[in-house]
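K.L.:
Sequence first, then the predicted structure, then my questions.
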Amino acid sequence: MYTNDLMLRALKGEKLQRPPVWMMRQAGRYLPDYMKLKEKHSFFERIENPELATEITVMPVDQIGVDAAILFSDILVVPQALGMEVQMISGKGPVLPNPVSSISQAQTLPKPDVEEKLHYVMDAIKLTVKTLDKKVPLIGFVGSPWTLFCYMVEGHGSKDFSKAKAFCYQHPSAAKKLLQSITGVCIDFLNAQIKAGVAVVQIFDSWGGLLGPEDYKTYSLPYIDQIVKGVKGAPSIVFAKGCWFALKELAATGTDGLGLDWTINPKWARAQVGDNITLQGNFDPSKLLGQSKDIQKECMLMIDNFGTQNYIANLGHGILPDVPVHNAKAFVDSVKNYQV
């Protein structure tokens, strides 16, 4: 039993006095203690060292008071497990120097043993679970196959991922083969994370909104559906940024929770998906740059619109690096002080 199990109870649809709260990217760049570690250790050193990953994961639980921890890792460990080089370059972001550029590459990626290739992730999970000592649940995660495909084909971040989309339109069979390969690794990886101790898993479809509704049904939704159905032993949440048009279909996958970005009206979203799924979100991260009193007011309004049942308070995307710590705490405290 967890000392604080609000997150798990919300995903079960239990009636709560207030919703649980956590923030995407809460373990990282806005925290001064994290920045000190960043000065001493490279990005992948922080991820691949279980002690460092644990320390960073636990920081927001102790310092901000969130109701759940999310493992400090990165979605691009999956391409690494598939044999691709990933570099994290300061000021530029992720770079994959040898992206998938041919049909043969797309069709011949190896199927890795994720527990072997990504053993450091499982080691970090085990150490984090031990360190948390049942204080709050730990969330594990993967990127969606489409989002990972975007990086693996484009070779770097992009506003439109035009190379990745072009690959789909020029080589649809090869694209689907690659997406299926990624999907298999994601399922294995999430199940390995659950085996290691995570209590909830989240699928980040960060670039799903770049697809139109019909293309989404072809290149993203079917693979998310496979992952949701293939994950055993823990509830799942799907966060598909910009995919308002697919809420009904995403809910139909059987996922326990759906993350919403800040462009989606809570009551409209609830009308789309029904009452039996937990919604998560959707505070605009930029609002955390405002005044504490305004954060509190906006937070109260958000919860009023979502209600306290089948709801997890969160941001509509990851926390921004220049958010003051006291404003992040104001957001969390506002949720924790909410009264019906």
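P.N.:
That came through fine.
K.L.:
going forward, measure contacts and count neighbours with C-alpha atoms only.
P.N.:
Noted.
K.L.:
Helix or strand next in line after the helix or strand of the chain with the lowest mean pLDDT, which one?
P.N.:
Least confident element among the helices and strands of the chain, by mean pLDDT, DSSP states H and E: strand 87-89 (a mean of 92). Sequence-wise, the next helix or strand downstream of strand 87-89 (DSSP states H and E) is strand 93-95.
K.L.:
Show me which residues of that next one are buried.
P.N.:
Within strand 93-95, the residues that qualify as buried are 94-95, counting by 16 or more other C-alpha atoms under 10 Å.
K.L.:
Just after that strand, pick out the following helix or strand.
P.N.:
That would be, after strand 93-95 and using DSSP H and E, helix 103-107.
K.L.:
and that next one, C-alpha only, in PDB?
P.N.:
Only the C-alpha atoms of helix 103-107 are listed here, as PDB (Å, rounded to 0.1, in the frame of the first residue of the first chain):
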ATOM      1  CA  ILE A 103      13.400   0.900 -47.300                       C
ATOM      2  CA  SER A 104      16.000  -1.700 -46.300                       C
ATOM      3  CA  GLN A 105      16.900   0.100 -43.100                       C
ATOM      4  CA  ALA A 106      13.300   0.400 -42.100                       C
ATOM      5  CA  GLN A 107      12.700  -3.300 -42.700                       C
END
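K.L.:
Check which residues of stretch 45-58 are buried.
P.N.:
Neighbour counts over stretch 45-58 (16+ other C-alpha under 10 Å) mark 46-48, 50, 52-58 as buried.
K.L.:
Out of these, which two sit at the greatest distance?
P.N.:
Glu48 and Val58 (15.9 Å; C-alpha to C-alpha).
K.L.:
Could you pull out the buried residues of the least confident helix or strand of the chain?
P.N.:
Across strand 87-89, burial judged by 16+ other C-alpha under 10 Å covers Gln87.
K.L.:
before we move on, back to that, just the closest of the buried residues of stretch 45-58 to Gln17, please.
P.N.:
Val58 (25.3 Å).
K.L.:
on contacts alone, who are the packing partners of the least confident helix or strand of the chain?
P.N.:
For strand 87-89, the packing partners by 3 or more C-alpha pairs under 8 Å, 6 or more residues apart in numbering; DSSP states H and E come out as strand 93-95.
K.L.:
which strands and helices sit next to the strand it packs on?
P.N.:
strand 87-89.
K.L.:
just the strands in the stretch 201-340 of the chain please.
P.N.:
Using DSSP state E, counting those that start in this stretch, the strands found in the stretch 201-340 of the chain span residues 236-240, 257-259, 278-283, 311-315.
K.L.:
What is the burial count for Tyr338?
P.N.:
Residues near Tyr338, counting by other C-alpha atoms under 10 Å, number 16.
K.L.:
that older thread, with mean pLDDT as new columns, can the strands of the stretch 201-340 of the chain be given to me in TSV?
P.N.:
Formatted as TSV, these follow (pLDDT from 0 to 100):
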stretch	mean pLDDT
strand 236-240	98
strand 257-259	98
strand 278-283	98
strand 311-315	98
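K.L.:
out of these, nearest to Ile75?
P.N.:
Checked against C-alpha to C-alpha, the stretch from the strands of the stretch 201-340 of the chain lying closest is strand 236-240, at 13.3 Å.
K.L.:
to the chain's geometric centre, what's the distance from the closest one?
P.N.:
Here strand 236-240 shows a centroid-to-chain-centroid distance of 7 Å under the convention C-alpha atoms, centre = their mean, to the nearest Å.
K.L.:
now stretch 25-37
P.N.:
The answer for stretch 25-37 is 17 Å, by C-alpha atoms, centre = their mean.
K.L.:
That stretch: which residues count as buried?
P.N.:
Within stretch 25-37, the residues that qualify as buried are 25-31, 34, 37, counting by 16+ other C-alpha under 10 Å.
K.L.:
could the residues you listed go into TSV alongside distance to Asp225, secondary structure and pLDDT?
P.N.:
Converted to TSV, these look like this (distance: C-alpha to C-alpha, whole Å; DSSP: H, G, I helix; E, B strand; the rest coil; pLDDT from 0 to 100):
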residue	distance to Asp225	secondary structure	pLDDT
Arg25	24	coil	96
Gln26	27	coil	97
Ala27	28	coil	94
Gly28	30	coil	91
Arg29	32	coil	91
Tyr30	33	coil	96
Leu31	35	coil	97
Tyr34	35	helix	97
Leu37	37	helix	96
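K.L.:
Perfect, I'm done here.
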